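**Q** Just the structure for this:
(chains A, B, C and D, ligands or ions: 4)
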Amino acid sequence: MSNLLKKDWFGLGLVIILGSIIISFFKPAFVSPFNLYVLMLSVSLMLVVAMSQMIIIAIGQMNLSVGAIGGLVAISFTGLMEVYDLSILPAMFIGLGIGIICGFINGYITVKTGISAFIITLATLYIFKGMNLGITEAQPFYEIPEAVKYFGNAKIFGPIPYLIIIPVIITFLMWVLMNRTSLGRYMLAYGNNVQSSELMGISSTKIVVYAHIISGLLAAIGGMLVVCRLQLGTPNIGDSWLLPSFAAPVIGGAILAGGKVDVIATAFGVILVAIISQTLVIFKIDPFFVQIFLGFMILIAVFINRYREYREERRNKVFSNE
Amino acid sequence: MKNKIPDFVKTNQFGLLLLVIVFILLFTFTTDGFSSRFNIYALSRVVAIDIMIGLAMMVVILTGGLNLSLGALGVSAAMFGGWCMESMGIPISISIVLILIFGSFLGWINGYVTVKTGVHSFIVTLATMSIYFGFMTLLTEAEAFRKLPEAFTDFGSMKLFKKYISPLLLLSILTCFILYYLFKFTDLGRKLIAAGANPDAAELSGISVSRMFIYCHMLSGFLAAVAGIMLTARIGAAIPSMAGHLGFDWLLPAFLAPVIGGTLLSGGKVTVFGTMLGAILVTLINNGLYLIDVGEFWVRFFLGLILLFAVLLDRAREYFTSKNSIVS
Amino acid sequence: MSKNILELANVTKNFPGVKALDDANFRLKKGSIHALLGENGAGKSTMIKIITGVYKQDFGDLIINYNKKSFSSPNEANKSGISVVHQERNLIRRFSVGENLMLNNLPKNNLGLIDYDQVAEQSQKWLDIMDLDINPNTIVSELTVAKMQLCEIAKALSLESKILLLDEPTSSLSPQDTKNLFSLLKRLVKEQDVSIVFVSHKLEEVFEICDEVTVLRDGKNACESENIKNLDRQKLVKLMIGRDEQIIKSKENKNTLNENLLELININTDLGHKEISLSLKKGEILGLYGLVGAGRTELIKCLLGLDKIISGKLILNKEEIIIHSPQQALEKFKIGYISEDRKKEGLILMHDVLTNSGITVWSKLKKILYFLNNSIIYNHVDPYVKKLEVKTPSYKQLVSNLSGGNQQKISVAKWLASGTDILFIDEPTVGIDIKTKAYLHELIINLSKNGTSIILITSDMPEMIGLADRIITMKDFKVVGETVNNHNYDDMSASIMANIHE
Amino acid sequence: KADSSGTKVALVPGGPHPYFAAWEQAGLDAVKDFGLGKADYRVPAEWDLSQQNELIESLVGQGYNAVLVFPGDAVGTNKILGELDDAGIPTAALAGCVEQPTQAKFCFGTDTGHSAYLGTKELIKALGGKGKIAHFTGFLVDPNTTLRINAVEQAVSEAGGGVEIIQVIADIDAYEPADEKINAFMAAQGGEVDGIVTTAWVPAVVAAQALTNMGDKRIKMVGIDHDEVVLKAIKDGFVHGTMLQNPYGQGYIGSYVMDKVRQGCEFKADAPWKSTAQTDQFIDSGTVFVDINDVDTYVMAMRGISLEILETFDSTYLNC
Ligand SMILES: Nc1ncnc2c1ncn2[C@@H]1O[C@H](COP(=O)(O)OP(=O)(O)OP(=O)(O)O)[C@@H](O)[C@H]1O
Ligand SMILES: Nc1ncnc2c1ncn2[C@@H]1O[C@H](COP(=O)(O)OP(=O)(O)OP(=O)(O)O)[C@@H](O)[C@H]1O
Ligand SMILES: [Mg+2]
Ligand SMILES: [Mg+2]
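**A** Ligands and ions are numbered 1, 2, ... in the order given. Here you go, the predicted structure:
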């Protein structure tokens, strides 16, 4: 039991369950199949985005270009199908390829120059988003194949959308990566202490480049999933990813300095954020209040998570900068 | 030891200064209108505000944190100022003092919550950004204050030096000098930097790290409020959307200037003039790209490329100078 | 005649502003333990790092088994059978002990995924060999510094390399741990033909286990591969510092002791200290001895207000006081603390020497409008930095580029400069060369002669017995004994150990 | 008297957005038809008032001498319009208005409040005068949003009690948050609500898509603008109709008038201006409600409106 309490996801899980019970007590519609379906949809999309940021947080960096990569891939994917009449699979693979290339560029430049990833990805954010706007001139692509639309809207059974399949698989794979493979452990080791891990013979180049490639790949998948969902390829896809991409991992206990992330807790963070924003709609919060509510909810969520760690951390630290 | 390079040349600022000069020359000779009076004046106003925003972010980056609420805070302060001047009829000078106090107070909230909870300021200010902005829209109902005293708005369109320069730019440059003095020549400034560089060591050396962090956030709020005032004067009205939704439009200039200027994101290092030059460089490039006519949809793309190029060049300079300083 | 398994020939290494190695040579014979000695900043660690591929030499060759080699990363050195324990701690703090030990070679199951049962099992083996009573699933950050150091040695052993480089492996070990380690090292050499390079500032240790000695002075060889039998302590010291060693003078006991300056009465803390009572008199050096983990550092941190004192009284100059923060301790009560962990708590590594050595006096030196410039600080701290003979190219050098020992000097210098009435000094001579150690001892004695009261925490028994007036022994967050020091090593160590093992 | 070929018009939208795409062709056609020097569509890199100001300032540097601008902010854009006026450059607000007092020569576009009002009226008509409706709209900090919210409320209050607004969802000008919130709304209130009015581009697209996906033809929706998704949903019967604006006509006629003004034409003192909540120098570029009956022919209808405005413009508004 006390072991369970130590887990980052435990507190969040508790908050989610209790919160859901309370909400559905006041608004039974909250647990209606359609609502659960909608909830799962928004969780699906943000899950991939959060994972894409999480892996970069793991190595102690930030990727500001997550949304720009997602947007570029989304419009490439749809553009290839609409303008060049490519069928879904090739378009998809090219999309994934673009994500990988973007990630590679981020990682390679970061590690080879030693410049902070924050700066490099800030620059590539402009570059990727600039390409997106340059290509589309702000016009959406509309001709999405039926199969893609179907994937974005159909349900497997009950309220469970097809769209959730890929994010769930990704979450599982990420868990395996971060907890059961040497690559993932090396990433965390690198995030913990760059110098030490280099002294241990862990290759910075490999770690940083792989992390960014995975991040780019996930952002690409995120972009294409949003296309499935929205049924159009607008250049704005990804614009609103940045904050939620950080919020979920951090609510899940990730430390921005690196070396500590929790895949399950991040997933719970995503769910929590989705529930909060949905609750605001369900309870018909006055639009003027919505922002204020969101702000307080983020603070409260982080505090709850934080309180648990509080005593432990104080034992080991004079002053926490993490 | 053969050719000794002067210290200044080794700094990031020098590299930036060179870049700024190169771009000025480039744009002057390749575009129409870059050196026109209208354009220079317009640039001076944009730069002034971007410098101020960059400084406001820089002083929080100093602590190893970030202030995402910068834009929301600046707009809230500006709206508060609009209310003071228009609805309450408070004289300009007193209003400005009140705005600055208000901005510092919002900064204090950021700092206090960050320090007391130990949560990273990235998250704290993410939340306060929503809260400040939310309260601002709630209280103003998104109505602008546009009947501001003329003496105030005239300041925003005043032209100095044969109508080439806005007084706003002088204000920003003056602020740079004051901050430079603070960080270089005062006990307090040194403590702020030390606290940011290694909180544990600073605390055990008798510096109250919590207080220093709170000061940094207050200073950030103060500077954001100044930027808010400047923008209000420039636009001639206090408008809820003047920094975009949630104040987001300020964030990119806020990051770009200090980061290009050589401020370390992990904290403990400030480069006041670097930030100033960073802001100038970005504004210059942005302006030049519009003038060169790359096609507006591609402006961002080229801006990104040039930024990348600028930081890579800076790294090359660093490499070169450290090679040259080895004793032989 | 055994062959040279590892050789450095005419190696030079420059850092910005420093020539760390200057045409230095080194030869390691197969199956020997080779001491690499020198003052702080002599270039020992640099040499180790060149051998392991962390740095690349500017000139000269690295020769392994008579083949020229050049490693571009620590990994390559590893694969060539070289393992190392660096001077700095290099464990991943959030990982378990077991995972740290196996990190370069994590056991996998059939699916290619890490098998944590195997990790625990395999690492347990190495912990057992080291006689370490640690659960491999313990998270490293929960260990004491000493345990971490032992784990790193275990990690180096686990690679089963034929060449083992140990850079000050005993710096935070207790005498007992050191003894165990040495018998293990001897066994490795004898049974498995391992060759060892051993860096230490503790000369007794060198005489105890080493076969040959190489001494560096300012990056040059002061001697190269001397047989230890041709040397004695005096000769060795002379090689290292270029003159004879000053014998550590024991301090005169102050028998005419004044009143209590600082008194702790039945202090209980949030961290688990139980009923701690002790008193410090003016001008006295009070030793706090205890095995690592006894809670001495923690007690001091509670006194400074960093953790909560639950009950009990703290009395300064007969007045009951409460200290809320180190700032208050420094500015209001004139109490300072020299931390044992210089990298994390003692220094701002990314800042220069001047900033670090003056940080405690800024408040005092500031002029009107908070004005403070470099020359004001320089004038104040320069005497102290000079006195400690800090080896740095200039005051603008970043502290992170100084050698370990010189860093320690800076973290001491800033407290000397601050001129406090009471100083808590925590493990002041870890990683300090003998010359500086003698200086530091002299300084501590002079400080107390001039009226500063000192609480000295050290795990170095000779140091404790040399310096303290009274020695308080702590164990498990409790005070278990108090002895007046008679400066007789045998007497005192026996009575202290008796207190601990009661 | 200036020559038309010396007129260089810049058409500056608020930021990259599909709504304005027609301005580009409109400008090119105006150059061809009226012999202007230039009429270029120049887009700020971001939706950001400062970016727009910077672009406009640089355009002046490049020699543009007339500016048609979609105001990045109804109040904030005035300052730069005033400065352009000082520099002798005529300006007009296009597609959206700036608030008085202003130096813009006129506002040519859609009365945002009125359009929302008309849309709501249409919705109420379709609902047969009673039911529960929801209103989806854009950024709260955009003063236009407040105008729209008020206009919808007014239309509802005029319906005489049969209609009730059960929810207003704002700040959904980006696709993903819009998708999330609108679907959440459908899940929670989908059963109760009878009608939806949307008064911003993105919410209209997303809501149309949501209704299409749900296959729900019971809920009546009135959208805004001409996004393909909305038009298709109208054809397929999932959306009742949309309030169309006239972006092509705005760009085309706007460029024409700018040239006239540069040639010294003055607006008549007694010009039949319309008044809106924001300005009293408003010229309606035409707003039409389109439903399933005329969704295929609206382009012709718009062209007709544009031609009509153009033909009578000189005589109605100008003294040349
Ligand atoms: N990365 C670096 N950059 C610049 N100078 C360095 C660097 N590493 C070491 N030095 C300098 O090289 C010299 C040799 O340092 P080294 O760490 O090898 O000394 P050491 O013999 O190990 O000393 P100690 O006993 O104190 O550990 C010192 O003057 C140090 O300041
Ligand atoms: N009983 C205990 N339970 C948990 N942790 C302990 C316990 N005892 C010690 N520790 C850990 O060990 C550390 C205290 O050991 P530390 O080595 O700092 O003590 P010390 O007496 O100051 O020894 P030294 O100064 O010789 O290193 C603390 O960080 C604490 O977390
Ligand atoms: Mg060393
Ligand atoms: Mg200790």
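
**Q** Render the CA-only coordinates of stretch C:486-502 in CSV, please.
**A** Coordinates of each C-alpha in stretch C:486-502 appear next as CSV, following Å, rounded to 0.1, in the frame of the first residue of the first chain:
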residue,chain,number,x,y,z
ASN,C,486,44.1,15.0,25.4
HIS,C,487,45.6,14.8,21.9
ASN,C,488,46.9,11.3,22.4
TYR,C,489,45.8,9.4,19.4
ASP,C,490,45.6,6.0,20.9
ASP,C,491,43.8,7.1,24.0
MET,C,492,41.3,9.2,22.2
SER,C,493,40.5,6.9,19.4
ALA,C,494,39.9,4.1,21.8
SER,C,495,37.5,6.1,23.9
ILE,C,496,35.6,7.4,20.9
MET,C,497,35.2,4.0,19.4
ALA,C,498,34.1,2.7,22.8
ASN,C,499,31.4,5.4,22.8
ILE,C,500,30.2,4.4,19.4
HIS,C,501,30.2,0.7,19.9
GLU,C,502,28.7,0.8,23.3
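
**Q** can you give me the mean pLDDT across that stretch?
**A** Averaging the model's pLDDT scores along stretch C:486-502 yields 80.

**Q** Give me the neighbour count for residue A:100.
**A** Residue A:100 has 17 neighbouring residues, counting by other Cβ atoms under 10 Å in any protein chain shown. C-beta: built from backbone N, CA, C; applies to glycine.

**Q** Surely it and residue A:219 touch.
**A** No: judged on Cβ atoms under 8 Å, residue A:100 makes no contact with residue A:219 at a distance of 10.2 Å.

**Q** so what's the most centrally placed residue in chain A closest to, chain neighbours aside?
**A** In chain A, the centroid-proximal residue (Cα atoms, centre = their mean) is residue A:50; its distance is 1.4 Å. Once flanking residues are discounted, residue A:50 sits nearest to residue A:248: 3.8 Å by Cβ to Cβ, 6 or more residues apart in numbering or on different chains.

**Q** same deal with residue C:482?
**A** Closest residue to residue C:482 apart from its sequence neighbours, by Cβ to Cβ, 6+ apart: residue C:472 at 5.0 Å.

**Q** give the contact list for residue D:76.
**A** B:144, B:235, B:236, B:237, B:239, B:241, B:242, D:49 (Cβ atoms under 8 Å, 6 or more residues apart in numbering or on different chains).

**Q** repeat for residue A:39
**A** A:274, A:275, A:278, D:184.

**Q** Try it again at 6 Å.
**A** Counting by Cβ atoms under 6 Å, 6 or more residues apart in numbering or on different chains, residue A:39 makes contact with residue A:274.

**Q** what's the distance between it and residue A:227?
**A** 20 Å (Cβ to Cβ, to the nearest Å).

**Q** Tell me which helix or strand residue 271 sits in.
**A** Chain wasn't specified; assuming chain A. helix A:263-282 (DSSP states H and E).

**Q** Leaving out sequence neighbours, find the closest residue to residue D:88.
**A** For residue D:88, the spatially nearest residue (Cβ to Cβ, 6+ apart) is residue D:65, at 7.9 Å.

**Q** Can you get me a residue count around residue A:84?
**A** With other Cβ under 10 Å as criterion, residue A:84 counts 10.

**Q** Phi and psi next, for it.
**A** Here is the backbone geometry of residue A:84 (degrees, to the nearest 10): phi -100, psi 10.

**Q** One more: residue C:59?
**A** According to degrees, to the nearest 10, residue C:59 has phi -140, psi 160.

**Q** Dig out what it forms beta bridges with.
**A** With DSSP bridges as the criterion, residue C:59 is bridged to residue C:12.
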